[in-house]
Structures are given as C-alpha cells and as structure tokens.
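Enquirer: Sequence first, then the predicted structure:
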Amino acid sequence: MVILKKIDEVRAQVKEWKKQGLTVGLVPTMGYLHEGHQSLIKKSVEQNDRTVVSVFVNPIQFGPNEDLESYPRDLEADAKLCESTGADIIFNPEPEEMYADGFVSFINMTGLPNALCGLTRPIHFKGVCTVVGKLFNIVTPDRAYFGQKDAQQLAIIMRMVKDLNFDIEIVGCPIIREADGLAKSSRNIYLTPEERKAAVVLSKAVKLGQDMIADGERDAAKIVGEMKKLISAEPLATIDYVEMVNMDTMQSIEKAEGHVLCAMAVKFGKARLIDNFIAEL
Ligand code: AMP
C-alpha cells in the first residue's frame with residue numbers, strides 16, 4: 001500500500017489499473033479511522049480489484065465555529081488500518097492540492113441539504129458534494145462506499161450521482177456500533193468519561209423508535225416525541241434535532257411509511273453526535 005499526496009500520482013496509478021481491466025473502489029474519509037470506516041474498506045476490497053481510501057479533512061465542509069482545527073488526525077494509525085484491511089492507496093492531499101489558488105467552482109444542491117444537519121450546518125453539504133465530486137473525478141472509481149451513519153450525506157450523494165451522471169455505483173453500508181450501542185465516530189474522542197456514558201442514550205432512542213414501529217405505531221410525531229423524551233431525560237444531552245423524514249427527499253413526514261429515515265443530532269459537551277435508523281414500511 002502507498003500513501004499518495006498528489007492528484008496526478010493517483011490518476012497515473014488508476015490509469016494503469018484500468019489498462020489492466022481492474023475495477024476500483026473508493027472510500028472517502030476524513031481519517032482517524034475506526035471499525036466503521038474499516039467496514040467500508042472491507043466491502044470495497046471484497047467487491048473491487050483495487051481500493052483507494054481518501055483521508056482528507058475537507059476544510060470547505062466546516063463552518064466558521066466548527067472543529068476543523070481540532071478534528072483528530074493520525075495518518076500513521078490510518079495507514080496501518082488501511083494496509084491490514086487490504087487497501088491499495090491512501091490518497092492524503094494537502095488542502096492546497098485540492099483547492100488551488102483561485103478555486104471558485106462548487107457543487108451546490110438545492111432541496112435535500114435544507115433539512116436535518118443542513119439546517120444547523122448551512123455550508124456543510126456544499127463542501128461535501130464538492131469534495132466528493134472532485135474525488136470521483138480524480139479516482140474515477142467503479143464503486144464508492146458511504147456509511148448509513150451519515151444518512152443525509154448518503155441520500156445527497158446518491159442524488160448527486162443520479163443528477164450529474166457520475167458513472168459510479170454508490171454502496172451504502174450499515175452503522176457499526178460500540179458494544180454498548182454508541183455509533184462509532186471519530187468525534188467520540190471529544191467525550192469526557194461521563195459524556196461517553198450519557199451518549200448511549202442515542203442508540204437507546206434509536207431502539208425505542210424501531211420498537212415502536214415494530215409494534216405498529218406509525219404516527220411520526222408520537223415516535224419522535226417519545227425518542228425526544230428519552231434523550232431529554234439525560235442531563236448531559238442537548239438535542240439539536242430528532243426528526244422523521246422521507247429518506248429520498250428529506251421532507252418531513254407525518255406518517256411512518258415508505259422509505260423512512262429517523263435521524264437525530266445531539267450535543268454532549270464539545271461533541272455533536274448523530275445517529276439514525278432507516279425503515280422500509
Ligand atoms: P468520516 O471520516 O466521518 O467523514 O466518515 C467517512 C465515511 O465513513 C462516511 O461514509 C461515514 O458515513 C462512514 N462511517 C463513519 N462512521 C461509521 C460507522 N460507525 N459505521 C459505518 N460507517 C461509518
């Protein structure tokens with residue numbers, strides 16, 4: 001496995017692979033990799049001849065008061081994880097390599113970003129779509145892997161690929177959790193021991209919502225209301241949102257039917273954590 005810093009180096013290697021008729025999978029990440037990322041890399045290694053993992057803390061998807069500077073980084077550990085999982089390239093560009101002087105072209109989607117995380121992070125998805133579009137053009141993968149953990153991002157990328165005719169299959173992968181249910185996240189490192197314990201309430205709320213649906217409840221307000229009640233009972237938790245929307249449109253729904261996404265963002269001290277479940281009803 002090699003770590004490449006330059007766009008031209010990645011292009012040259014991928015060109016070589018394609019000449020040999022090999023398929024290529026891409027796993028875009030911001031690094032500080034854990035078993036959640038690893039599950040995406042594993043899937044790509046299974047489904048493709050070669051796998052590229054991008055490790056890039058994308059500055060244009062962070063708002064002015066967000067954690068760009070403090071976002072955890074550990075390329076050495078990331079390289080070990082990628083190598084042992086069977087990846088072939090880590091693409092780790094500097095910001096100047098991705099956004100050269102005079103950069104002014106962005107992918108700006110309407111509709112889907114104006115919900116859930118997009119409401120409190122207004123420039124986030126413009127930054128995500130732009131960097132993912134660039135990575136797609138640089139790597140030209142056959143398949144790209146995204147976690148359901150970031151469900152709104154997954155829906156947005158699927159829409160972008162459809163709208164802009166990227167010839168790439170998007171593969172969504174299930175949420176990987178800690179033993180006690182907390183979804184694995186690079187940002188879990190921000191949690192104090194007390195907050196770490198308290199954060200289990202997120203997966204408990206997910207379970208509560210899923211159980212209510214399994215018991216036949218379809219009133220979205222009722223389900224979300226009970227989930228919010230459970231989270232609010234945890235003194236260290238501050239709810240940003242808990243919402244039920246259509247997974248494909250991100251529009252709020254009153255009744256849990258069709259392709260349902262029930263998503264939440266909750267703050268614990270410095271950490272803003274997300275979790276969700278998807279149901280087909
Ligand atoms: P990030 O490095 O946080 O930008 O995440 C890179 C990719 O890994 C995204 O597609 C995430 O959805 C995915 N991912 C992060 N955490 C998890 C997890 N716990 N389970 C599954 N996928 C994850």
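Expert: Cool, the structure landed.

Enquirer: Which strand residues bridge residue 26?
Expert: Beta-bridge partners for residue 26, by DSSP bridges, are residue 52, residue 144.

Enquirer: now the helices for the stretch 101-250 of the chain?
Expert: With DSSP state H, counting those that start in this stretch as the criterion, the stretch 101-250 of the chain has helices at 116-120, 124-139, 151-163, 193-198, 200-214, 220-232.

Enquirer: Now do the fourth one: distance to the chain's middle.
Expert: Right, the one you point to is helix 193-198. Taking the mean C-alpha point of helix 193-198 and that of its whole chain, the gap between them comes to 23 Å (CA atoms, centre = their mean, to the nearest Å).

Enquirer: what does it rub up against?
Expert: 182, 188, 234-237, 268-269, 271 (CB atoms under 8 Å, 6 or more residues apart in numbering). For every residue, glycine as well, the C-beta is placed using N, CA and C.

Enquirer: Output it as PDB, restricted to C-alpha atoms.
Expert: In PDB, the C-alpha atoms belonging to helix 193-198 read as follows (Å, rounded to 0.1, in the frame of the first residue of the first chain):
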ATOM      1  CA  PRO A 193     -16.000   9.700  30.500                       C
ATOM      2  CA  GLU A 194     -19.300  11.000  31.900                       C
ATOM      3  CA  GLU A 195     -20.400  12.200  28.400                       C
ATOM      4  CA  ARG A 196     -19.400   8.900  26.900                       C
ATOM      5  CA  LYS A 197     -21.700   7.000  29.300                       C
ATOM      6  CA  ALA A 198     -24.500   9.500  28.700                       C
END
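
Enquirer: buried ones in the strand or helix carrying residue 3?
Expert: Following DSSP states H and E, one finds residue 3 within strand 2-4. The neighbour-count criterion (16 or more other CB atoms under 10 Å) identifies 3-4 as the buried residues of strand 2-4.

Enquirer: Over to stretch 4-22?
Expert: Of the residues in stretch 4-22, those with enough neighbours to count as buried (16+ other CB under 10 Å) are 4, 7, 10, 13-14, 17.

Enquirer: Can you give me the neighbour number for the residue nearest to residue 139 when sequence neighbours are not counted?
Expert: If the residues on either side of it in the chain are set aside, residue 139 comes closest to residue 26, at 4.8 Å by CB to CB, 6 or more residues apart in numbering. The number of residues packed around residue 26, counting by other CB atoms under 10 Å, is 28.

Enquirer: Contact partners for residue 26?
Expert: For residue 26, the residues meeting the contact criterion (CB under 8 Å, 6+ apart) are 44, 51-54, 135-136, 139, 141, 143-145, 168.

Enquirer: can you check residue 204 too?
Expert: When the contact criterion is CB under 8 Å, 6+ apart, the partners of residue 204 are 181, 230.

Enquirer: I am finished for the moment; much appreciated.
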